[in-house]
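In: When you get a sec, could you give me coordinates for this:
(one chain, ligands or ions: 1)
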Amino acid sequence: MCGIVGIIGNKNAGYKILQGLKDLEYRGYDSAGIATISKDELQIKKSVGKIAALEDAFLNAPLKGSIGIGHTRWATHGVPSINNAHPHVDCTGKIAVVHNGIIENFVSIRKLLIKEGHRFISESDTEVLAHLIEKFYNGNIERAVKEALMLVKGTYAIAVVCAQEPDKIIIARQQSPLVIGIIKKGSYIVASDVTPISKLTDRVIYISDNEMAILSSSGHHIVKISDLSRDVVKKIERIDWELEDSEKGRYKHFMLKEINEQPKIVKDIIFSHVIKKKGSVKFGGLESIWKNDEKDISGSTGIDYLLNASRIIIFGCGTSWHSGLIGEYAIENLAGLPVEVEYASEARYRNLCITKNDMVFAISQSGETADTLMAIKEAKRKGAVTFGLVNVVGSTIAREVSGGIYLHAGPEIGVASTKAFTGQVIILALMAFLLGRHKGAISLDKGKRIIKALEKIPEQMQNIINNDGPVKRLANRLAKYSNFLYLGRTYNFPVALEGALKLKEISYIHAEGYPAAEMKHGPIALIDKNMPVVVVATDTEDEIYEKIISNIREIKSRKGIVVAVASEGNKSIKDIVDETIYIPRTEDFLMPVLSVIPLQLLAYHIAVKKGCNVDKPRNLAKSVTVE
Ligand code: M6R
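Out: Numbering: from 1, shown residues only. Predicted structure coming up:
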């Protein structure tokens, strides 16, 4: 979604901002713009469509100045156009604003400002901020920003520059992320996430809700928006991402790079958590719990909370919801604990009967998904203890929960989530394993056997990735079809959902995932010779396997094209399906990290064959920060 970059203290500010905006392209956008201040005047350039257009305009006539702000816009209020693109300016042309989020009461504010004589040129909600700041400006920009923000309702991360105070960037945040990167005293980059920052510095300050920062050549100063006299002391933190983590390297697409990173990420997760001797695992992030910003001194660990909860409720959206479903099956099977998985967007508005005895576990790659964040807040309001499973360190969700676990998967740039999914699944599997050990449902011997299986997983993943050729050939054959069905049972049902989501996101082919047994309750009506059905049939339990085979026969009797993802050694399945992709076997609850890989690769190759924009599919945003 929208992205913000601001620079102060660099004589090539405009160019650096342009580079920063390119680093934010992965979030999804449809227009972009930059404002710098040179000789006490604002200089502005905007473009619709790709940043390349802005770059062309920039190369023809660079924006001068050592201070500026930039923005990538993902349209919410008004079509993508030059007028609607940020930065927005006031009537005097002296104040420029970029904004992520939504100003909910912009219609009434706009009416009022028009009555007072302000002239609007866009349909954007953000433009009211520029005019409101103008209205309150009397020589002190931070005070004017504060007065303006006191009147708006909604969510925002903003950056403001004023040509009359050419040595200051003002930033402020309410429910939309903002990070300050400290290059050196008096030289800063601000951005809506750390990706553009990591190229210039690894020292960052995360801005929290109701905070404003004044950045100038003499240093930075952070205060409460509601009370500018209240200084806020913030910790300077280190980003643990390397520069190359956010670059494509030798890969054609970020998605392919990220698929290839999976064995290493899963290996790091496994080896940093297993305790071989004890046939178990440990999670440092669940050792101490924070409630209302205070450490829980009851001595209870996160694991105690999970074991004693009346229910574990998992929240997530999209791919993170799919990994939650796998977590549900694993925790129920291995530890016998009650789990429910909810779409965060629904949970928030349903009267979900959450009590203080429930434990909420929120899953989010970005840690910024507005639906998930709001569901967490609602659960907290109802008294539940909340944990997070998040990739982006320091993100809003990571800071909102009482405890949790980081994936440490590095930046995921491809809009279609891959490495975050397998990282989430392996952590949830380890958590289920740990809970099973605590409950006594998994003996020491069994624990050691599971660890042996875990140790083999990275190599098994690598073998699947290395054996990409057959999947690519299959993709070439199937790319012409317009509809796909994905089926699986038990742990492979969420994998089927994930496979279908990957395909529709990046190739724009309509795809649905179903539990295999549900096919006869409706989707079977769709089956004909033009319907490829990907059946994830790695199950070995006789009862389930036999049922999946019956489903396959039902599809074949209706002339559907069946692609089976099967376990190595299952020779007989080849005779009844059209195509088979073999993958190695492991414990049932670990199978998804293997079975999902051919589905990721299939979606990837189909999208490439169709000439789609794999990393930045149309209409999608990497980090969905609006509801
Ligand atoms: O950052 P989050 O994990 O909270 O994001 C949730 C979804 O928006 C995300 O998984 C989305 O569905 C991906 N594009 C899936 O590939």
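
In: near the ligand, which residues of this protein?
Out: Contacts of the chain with the ligand, taken as C-beta under 6 Å from any ligand atom, map to 317-320, 364-366, 369, 372, 415-417, 501, 505, 620, 624. C-betas here are computed from N, CA, C, even on glycine.

In: do that again at 8 Å, thanks
Out: Contact residues, the chain versus the ligand (C-beta under 8 Å from any ligand atom): 316-322, 344, 363-369, 372, 391-392, 397, 415-418, 420-421, 501-502, 505, 620-624.

In: Surely Ala564 and Val535 touch.
Out: Yes - here Ala564 reaches Val535: they are 5.1 Å apart, a contact under C-beta atoms under 8 Å.

In: show me what contacts Thr492?
Out: Actually, residue 492 is Asn rather than Thr. Asn492 is in contact with Val536, Ala537, Thr538, Asp539, Met591, Pro592, Ser595, counting by C-beta atoms under 8 Å, 6 or more residues apart in numbering.

In: tell me the contacts of the last one?
Out: Right, the one you point to is Ser595. Applying C-beta under 8 Å, 6+ apart, we find Ser595 in contact with Gly488, Asn492, Val495, Val536, Thr538, Val565, Ile583.

In: Quick check: which element contains it?
Out: helix 591-609 (DSSP states H and E).

In: try the first one
Out: Take DSSP H and E as the rule and Val536 turns out to sit in strand 532-537.

In: Against which helices or strands is that strand packed?
Out: Under the contact criterion of 3 or more C-beta pairs under 8 Å, 6 or more residues apart in numbering; DSSP states H and E, strand 532-537 touches strand 483-488, helix 492-507, helix 542-557, strand 561-567, helix 591-609.

In: and the direction of it versus that of helix 492-507, what angle?
Out: Angle of strand 532-537 versus helix 492-507, following axes from the mean of the first three to the mean of the last three C-alpha atoms, to 10 degrees, is 150 degrees.

In: Strand 532-537 pairs with which strands?
Out: strand 483-488 (parallel), strand 561-567 (parallel) (DSSP bridges).

In: where do the contact lists of Ala564 and Val535 overlap?
Out: Ile552, Val577.

In: Of these two, which one has the most company?
Out: Taking other C-beta atoms under 10 Å, Ala564 and Val535 do not tie; Val535 has more neighbours (28 against 24).

In: Before we move on, what's the pLDDT of the closest residue to the ligand within the chain?
Out: Residue nearest to the ligand within the chain (C-beta to the nearest ligand atom): Gly318, separated by 1.9 Å. On pLDDT, Gly318 comes in at 97.

In: just to revisit the earlier point, tell me which of the helices and strands packed on strand 532-537 sits nearest to Ser272.
Out: Among the helices and strands packed on strand 532-537, the nearest to Ser272 by C-beta to C-beta is helix 591-609 (16.1 Å).

In: just the helices in the stretch 1-150 of the chain please.
Out: Using DSSP state H, counting those that start in this stretch, the helices of the stretch 1-150 of the chain run over residues 13-23, 51-60, 106-115, 127-136, 141-151.

In: Of these, which stretch is the most buried?
Out: Ranked by mean neighbour count, the helices of the stretch 1-150 of the chain are led by helix 127-136 with a mean of 25 (mean count of other C-beta atoms under 10 Å).

In: which stretches of the stretch 451-600 of the chain have low pLDDT?
Out: Within the stretch 451-600 of the chain, the stretches with pLDDT under 70 are 540-542.

In: can you rerun that using 80?
Out: Scanning the stretch 451-600 of the chain for pLDDT under 80 picks out the ranges 539-543.

In: what do you get for the chain?
Out: In the chain (pLDDT under 80), the answer is 1, 27-28, 75-76, 240-247, 284-302, 539-543, 625-627.

In: what residue is smack in the middle of it?
Out: Centroid check for the chain by C-alpha atoms, centre = their mean gives Ser366 as the closest residue, at 3.1 Å.

In: How far away from the center of its chain is stretch 346-362?
Out: Its chain's average C-alpha position is 21 Å from that of stretch 346-362, according to C-alpha atoms, centre = their mean, to the nearest Å.

In: Three-state assignment for Trp411, please.
Out: Just to correct that, residue 411 is Pro rather than Trp. Of the three states, Pro411 takes coil under DSSP: H, G, I helix; E, B strand; the rest coil.

In: Quick one: residues contacting it.
Out: Neighbouring residues of Pro411 by C-beta under 8 Å, 6+ apart: Val194, Thr195, Ser198, Trp241, Asp245, Ser246, Val392.

In: Okay, and which of those residues map to helices?
Out: Val194, Thr195 (DSSP state H).

In: Just the buried subset of the contacts of Pro411, please.
Out: Buried by 16 or more other C-beta atoms under 10 Å: Val194, Thr195, Ser198, Trp241, Asp245, Ser246, Val392, out of the contacts of Pro411.

In: so what's the second one closest to, chain neighbours aside?
Out: Yep, that's Thr195 we're talking about. Distance criterion C-beta to C-beta, 6 or more residues apart in numbering; nearest residue to Thr195, sequence neighbours excluded, is Asp23 at 4.7 Å.

In: How about the contacts made by that neighbour?
Out: Thr195, Pro196, Lys199, Ser246.

In: Dump the residues you listed to a markdown table, plus distance to Arg143.
Out: Putting the contacts of Asp23 into a markdown table (distance: C-beta to C-beta, whole Å) gives the following:
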| residue | distance to Arg143 |
| --- | --- |
| Thr195 | 32 |
| Pro196 | 29 |
| Lys199 | 33 |
| Ser246 | 37 |
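
In: nearest to Val614, of those?
Out: The closest of the contacts of Asp23, once distances to Val614 are taken by C-beta to C-beta, is Ser246, at 16.7 Å.

In: elements contacting the longest helix seen in the chain?
Out: The longest helix of the chain (DSSP H) is helix 444-466. Applying 3+ C-beta pairs under 8 Å, 6+ apart, one finds that helix 444-466 contacts helix 254-273, helix 419-439, helix 591-609.

In: I'd like to check the angle between it and helix 591-609, please.
Out: Going by the same axes, to 10 degrees, helix 444-466 is angled at 10 degrees with respect to helix 591-609.

In: burial count for Ala479?
Out: Ala479 sits with 17 neighbouring residues when counted by other C-beta under 10 Å.

In: For it, give me its contacts.
Out: Ser507, His605, Ile606, Lys609, Lys610.

In: Quick check: nearest residue in space to it, chain neighbours excluded?
Out: Nearest non-adjacent residue to Ala479 (C-beta to C-beta, 6+ apart): Lys609, at 4.2 Å.

In: Isn't the one you found up against Arg477?
Out: No - between Lys609 and Arg477 there is no contact under C-beta under 8 Å: 9.7 Å.

In: Lys439 touches Ala335, doesn't it?
Out: Yes - at 5.0 Å, Lys439 counts as touching Ala335 under the criterion of C-beta under 8 Å.

In: Narrow the contacts of Ala479 to just the buried residues.
Out: Ser507, His605, Ile606, Lys609.

In: would you turn those residues into CSV with distance to Tyr481?
Out: Below are those laid out as CSV (distance: C-beta to C-beta, whole Å):
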residue, distance to Tyr481
Ser507, 10
His605, 14
Ile606, 9
Lys609, 12
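
In: Show me which pair in the residues you listed is furthest apart.
Out: Largest separation among the buried ones among the contacts of Ala479 by C-beta to C-beta: Ser507 and His605, giving 9.3 Å.

In: Identify the residues contacting Leu352.
Out: Leu352 neighbours (C-beta under 8 Å, 6+ apart): Ile313, Glu342, Glu378.

In: and the residues of the chain next to the ligand, which of them are in strands?
Out: Gly316, Ile363, Ser364 (DSSP state E).

In: PyMOL command to pick out the buried ones of the residues you listed?
Out: To isolate the buried ones among those in PyMOL, judged by 16+ other C-beta under 10 Å, type:
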select buried, resi 316+363+364
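
In: from the ones in strands among the residues of the chain next to the ligand, which is closest to Val107?
Out: Ranked by distance to Val107 (C-beta to C-beta), these are led by Ser364 at 31.1 Å.
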